[in-house]
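Asker: With the sequence up front, the predicted model follows.
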Amino acid sequence: MTTWFISDLHLDATRPAITRQLLALLEDIQGKAEALYILGDFFEYWVGDDALEAPEFAAFLPVVEGLHQLSDSGVKLYFQHGNRDFLVGERFAAATGCALLPEQYLFDLYGVPTLLLHGDTLCTDDIAYQQIRKVLRDLIWQQQFLALPIVERIRQAEAMRAQSRAAMQGKRDDDIMDVSKQTVAEVMQAVGVSRLIHGHTHRPAVHDFMLAGQPVQRIVLGDWHENRGSYLRVDAENMLLEF
């Protein structure tokens with residue numbers, strides 16, 4: 001049996017090719033995989049679980065059904081919030097059959113203590129982003145946002161997406177948007193793991209390094225494009241990062 005990890009699909013109705021790739025993957029691993037972990041930014045944005053009934057999100061109904069069928073086939077399904085879809089909630093979880101994971105999730109992956117993160121909390125050098133993140137993760141802000149009509153929530157989400165793109169173009173130091181190596185070390189030591197898996201940075205790679213005299217590993221998942229997907233497949237003996 002194998003365990004699969006994906007992140008940063010940024011599903012969007014304007015990019016149906018990515019949705020088709022995802023549905024093909026879900027069908028392919030039905031009844032074959034042990035588990036599928038979705039590590040955030042599954043959607044380009046998510047404005048609340050009532051979007052499941054909104055015509056603007058009808059393009060994602062096959063995704064919900066595909067996830068539900070995968071869960072019904074016996075594959076365990078897990079969802080960890082990203083910076084684009086932190087409003088995914090229990091209604092979505094019930095509709096898809098997935099379990100929602102905390103911001104940091106520690107578990108045993110075939111004998112290796114492993115920590116799962118979306119990855120944005122590791123980018124501590126990007127101070128402006130971390131300030132915005134703190135506002136968006138505030139429960140009062142979320143309650144106020146979810147109380148708005150869905151059309152207004154979509155308008156604000158589109159505006160925030162445009163602002164995010166502009167902010168990224170304005171950051172000259174490319175390393176600011178990558179993880180802080182010091183933060184990575186601190187987090188891994190704090191929870192006592194030898195492997196960290198995350199997404200967010202769109203810089204897929206396997207990083208092997210030494211930490212406190214011990215060999216450790218950081219695996220970065222890739223983002224998805226119209227002509228290719230990205231995943232990490234792990235079993236008891238092998239590991240494959242495809243991007």
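Answerer: Arrived safely.
Asker: so Val88 touches Leu100, yeah?
Answerer: Yes - Val88 lies in contact with Leu100 (CB atoms under 8 Å); the separation is 7.3 Å. Heads up, the C-betas are built off the backbone N, CA and C, glycines and all.
Asker: Between these two, tell me which one has more neighbours.
Answerer: Val88 (24 against 13; other CB atoms under 10 Å).
Asker: Now do the contacts for the more buried one.
Answerer: Under the criterion of CB atoms under 8 Å, 6 or more residues apart in numbering, the neighbours of Val88 are Phe42, Phe43, Trp46, Asp49, Phe79, His81, Leu100.
Asker: about what we covered before: what sits in contact with each of Val88 and Leu100?
Answerer: In contact with both Val88 and Leu100: Phe79, His81, using CB under 8 Å, 6+ apart.
Asker: continuing past the lowest-mean-pLDDT helix or strand in the chain, what's the next helix or strand?
Answerer: Lowest mean confidence among the helices and strands of the chain (mean pLDDT, DSSP states H and E): helix 150-170, at a mean of 87. Downstream of helix 150-170, the next assigned helix or strand under DSSP states H and E is helix 181-191.
Asker: which parts of that next one are buried?
Answerer: Val184, Val187, Met188 (16 or more other CB atoms under 10 Å).
Asker: In terms of pLDDT, where does the residue nearest the centre of the chain sit?
Answerer: Nearest to the mean C-alpha position of the chain, counting by CA atoms, centre = their mean, stands Gly40 at 1.6 Å. For Gly40, the model assigns a pLDDT of 98.
Asker: Also the one 5 residues further on?
Answerer: Listed pLDDT for Tyr45 reads 96.
Asker: how near is the nearest residue to it once chain neighbours are set aside to Gln163?
Answerer: Leaving aside its sequence neighbours, Tyr45 sits nearest to Ala157 (CB to CB, 6 or more residues apart in numbering; 4.2 Å). Per CB to CB, to the nearest Å, Ala157 is found 11 Å from Gln163.
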